[in-house]
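Asks: please find the sequence and the predicted model below.
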Amino acid sequence: MTSDIQKRAVWQYGTPLYLYDLEQFRLKINKLRKHLFPQSGLFFSMKANPLPKFCDIAYRGRCGVEIASAGELSLSLSAGVKPEDIIFTGPGKTERELEQAIEAGIFIVNAESIQEIRKIQKIARKKERVVPIALRINPHERKGSGKVQMSGIASQFGIEEEDLTEPLFEEILSMPNISLCGIHVYMGTSILKAEEICENTEYVIQLGLRLANTYSFELTYLNAGGGFGIPYFPKERELDMKELDSGMKQLGNTYKSQLTGTRVYFESGRYLLAECGVFLIRVLYRKKSKGNCYLVCDGGANFHAASAFLGRFVRGNFPMYVLGKSGEEQEFYVTGPSCTPTDLIGQKVRLPKNTKEGDIIVIEKSGAYGLTYSPYGFLSHSLPMEIGYRGEEGFEILR
Ligand SMILES: *Cc1c(COP(=O)(O)O)cnc(C)c1O
């Protein structure tokens, strides 16, 4: 997205502002899909950004949608996604949420405990439905080096691999209103090594095949999660798509004959969307304190918590620059407007020396886990607009 477009958006809609390149999102979907397991399915993980437009684009790009609440169920349905293309994940699904999902007739519930499965059975019997489920599994071992590990460690997610015992399968397979279709393993987010994603995929395939053989159920669904990362910081390298491609093709060849009735699935939010969005804020005040130079801006942690290190394990700065300015640089502290010292979105960021009040700071890689992941109720500032951009169609207000 060019500076020109960013300038026009700011001029037209003001700041703070989220601006998304819609065409880039479409292209990212196609790119990822091309390098995955042969004939696999891809789900857009809605929690990365719940704007209906993204569901719509993902769906037109032949993605299903992965939801994690009843709210996301309604949003995705109203965006035109068919229930049979929706899967439902999450460790804390309430009875009401399960009822709604079952009522709608979604594709699969990724069930995270035996208690949840019993709940599903009860609801399904009442509604005289048979509900397809998959077991979300928390593997024995920690795998991979993702920044946010979500499996292979103690967590609230999934069923422990060591609890996958005969009595468990006997119980599940004897439930008349449950149809066990497969398994789901989500390793964690922000994985930048193709090799780890392939290893995890192979592990999921092997585990699924072993369970299906041992307990005699028809394996149609193998969800290998994803966790496809993007580089945020200078030292990080992009996910090597060639390596992903060859690893996946190899797996495809190895397991083709064993997976004739089985489809492999992946999920992605961050990889598909993060690089398609920027967050634009305006410098309200430039000031000095004890030798440090501060830029106080009209948006910060309240609208972009991730840039202020919330929930992050690396305290690196998000990539950012001053719109339309370059030249000699110096270090700045970039803050939002909130009355809390944690509203700091850049520490010792190198920006042009002559940055001044009124200038626009562009925070890149903000398309995923931006506003939706932020405590925007804090201090009650009015919400930033969210605008989509697509070539000749120009701007579209998304929210
Ligand atoms: C959050 C989440 C995703 C999406 O992760 P990304 O890193 O954004 O791709 C996928 N699956 C599950 C189960 C999740 O919780």
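Replies: Good, I have the coordinates.
Asks: what parts of the stretch 1-150 of the chain come near the ligand?
Replies: 45, 47-48, 66, 89 (C-beta under 6 Å from any ligand atom). All C-beta atoms are positioned from the backbone trio N, CA, C, and that covers glycine.
Asks: now do 5 Å
Replies: 45, 48, 89 (C-beta under 5 Å from any ligand atom).
Asks: so which of the residues you listed are in helices?
Replies: Among those, no member falls in helices (criterion: DSSP state H).
Asks: which one (most neighbours) among those?
Replies: Highest neighbour count within those, by other C-beta atoms under 10 Å: residue 45, with 28 neighbours.
Asks: ok, now which ones touch the nearest residue to it once chain neighbours are set aside?
Replies: Spatially, and ignoring its direct neighbours in sequence, residue 45 is nearest to residue 269 (3.6 Å; C-beta to C-beta, 6 or more residues apart in numbering). Neighbour list for residue 269: 44-49, 368-369 [criterion: C-beta atoms under 8 Å, 6 or more residues apart in numbering].
Asks: filter those residues down to just the ones in strands.
Replies: If you go by DSSP state E, the contacts of residue 269 have 44-45 in strands.
Asks: may I see the contacts of residue 269 organised as CSV, with pLDDT added?
Replies: CSV is the format used below for the contacts of residue 269 (pLDDT from 0 to 100):
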residue, pLDDT
44, 98
45, 98
46, 98
47, 97
48, 97
49, 98
368, 97
369, 95
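Asks: out of the contacts of residue 269, which are buried?
Replies: 44-49, 368-369 (16 or more other C-beta atoms under 10 Å).
Asks: need phi/psi at the closest residue to the ligand within the stretch 201-350 of the chain.
Replies: For the stretch 201-350 of the chain, the residue closest to the ligand is residue 269, as judged by C-beta to the nearest ligand atom, at 3.0 Å. Dihedral pair for residue 269: phi -120, psi -60, per degrees, to the nearest 10.
Asks: residue 3 versus that one, what's the distance?
Replies: As for residue 269, its distance to residue 3 is 27 Å (criterion: C-beta to C-beta, to the nearest Å).
Asks: helices of the stretch 1-150 of the chain, start to end?
Replies: Along the stretch 1-150 of the chain, counting by DSSP state H, counting those that start in this stretch, helices occupy 3-13, 22-34, 52-60, 70-78, 95-104, 114-126.
Asks: likewise for the stretch 201-350 of the chain?
Replies: Using DSSP H, counting those that start in this stretch, the helices of the stretch 201-350 of the chain run over 241-255, 270-273.
Asks: most neighbours per residue, which of those helices?
Replies: helix 270-273 (a mean of 27; mean count of other C-beta atoms under 10 Å).
Asks: just grab the bridge partners of whichever residue of the stretch 1-150 of the chain sits closest to the ligand for me.
Replies: The ligand sits closest to residue 45 of the stretch 1-150 of the chain, with a gap of 3.5 Å, by C-beta to the nearest ligand atom. Here residue 45 sits in beta bridges with residue 66, going by DSSP bridges.
Asks: tell me how far residue 51 lies from residue 13.
Replies: Look at residue 51 and residue 13: by C-beta to C-beta, they are 15 Å apart.
Asks: worst-scoring helix or strand of the protein, pLDDT-wise?
Replies: Every helix and strand of the chain was ranked by mean pLDDT, DSSP states H and E. The lowest is strand 148-149, at a mean of 56.
Asks: after it, next one along is what?
Replies: Beyond strand 148-149 on the C-terminal side, the first helix or strand identified by DSSP states H and E is strand 159-160.
Asks: and for that following strand, what's in contact with it?
Replies: Counting by C-beta under 8 Å, 6+ apart, 111-114, 135-138, 168 sit against strand 159-160.
Asks: okay, the angle between the helix or strand that contains residue 387 and helix 22-34?
Replies: Using DSSP H and E, residue 387 sits within strand 385-390. Angle of strand 385-390 versus helix 22-34, following axes from the mean of the first three to the mean of the last three C-alpha atoms, to 10 degrees, is 70 degrees.
Asks: low-confidence ranges in the stretch 51-200 of the chain?
Replies: 142-151 (pLDDT under 70).
Asks: what's the span of stretch 334-343, first residue to last?
Replies: Using C-alpha to C-alpha, to the nearest Å, the end-to-end distance of stretch 334-343 comes out at 9 Å.
Asks: for stretch 78-90, that is, sorry about that
Replies: Terminal residues of stretch 78-90 are spaced 21 Å apart (C-alpha to C-alpha).
Asks: go on, stretch 60-70?
Replies: Taking C-alpha to C-alpha as the criterion, the two ends of stretch 60-70 lie 22 Å apart.
Asks: with stretch 354-367 instead?
Replies: End-to-end for stretch 354-367, by C-alpha to C-alpha: 28 Å.
Asks: what residues of that stretch count as buried?
Replies: 355, 359-367.
Asks: nearest to residue 107, of these?
Replies: Set against residue 107, the nearest of these by C-beta to C-beta is residue 367 (25.6 Å).
Asks: excluding sequence neighbours, find me the nearest residue to that closest one.
Replies: In this structure, residue 367 finds its nearest non-sequential neighbour in residue 277, 2.7 Å apart by C-beta to C-beta, 6+ apart.
Asks: count of neighbours near the one you found?
Replies: 28.
Asks: let's have the chain start at 38 instead
Replies: In the new numbering, first residue 38, that becomes residue 314.
Asks: which residues touch it?
Replies: With C-beta under 8 Å, 6+ apart, residue 314 has these contacts: 55-58, 86, 402-405, 407.
Asks: show me what from the stretch 238-387 of the chain comes close to the ligand.
Replies: Going by C-beta under 5 Å from any ligand atom, the residues of the stretch 238-387 of the chain near the ligand are 304-307.
Asks: can I get those residues in TSV including pLDDT and distance to residue 387?
Replies: Shown next, in TSV, are those (pLDDT from 0 to 100; distance: C-beta to C-beta, whole Å):
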residue	pLDDT	distance to residue 387
304	98	36
305	98	31
306	97	30
307	96	25
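Asks: tell me which two of these sit farthest apart.
Replies: 304 and 307 (10.4 Å).
Asks: assess the claim that residue 231 and residue 288 are in contact.
Replies: No: Residue 231 is not in contact with residue 288 according to C-beta atoms under 8 Å; the separation is 11.8 Å.
Asks: right, I'll call it a day here.
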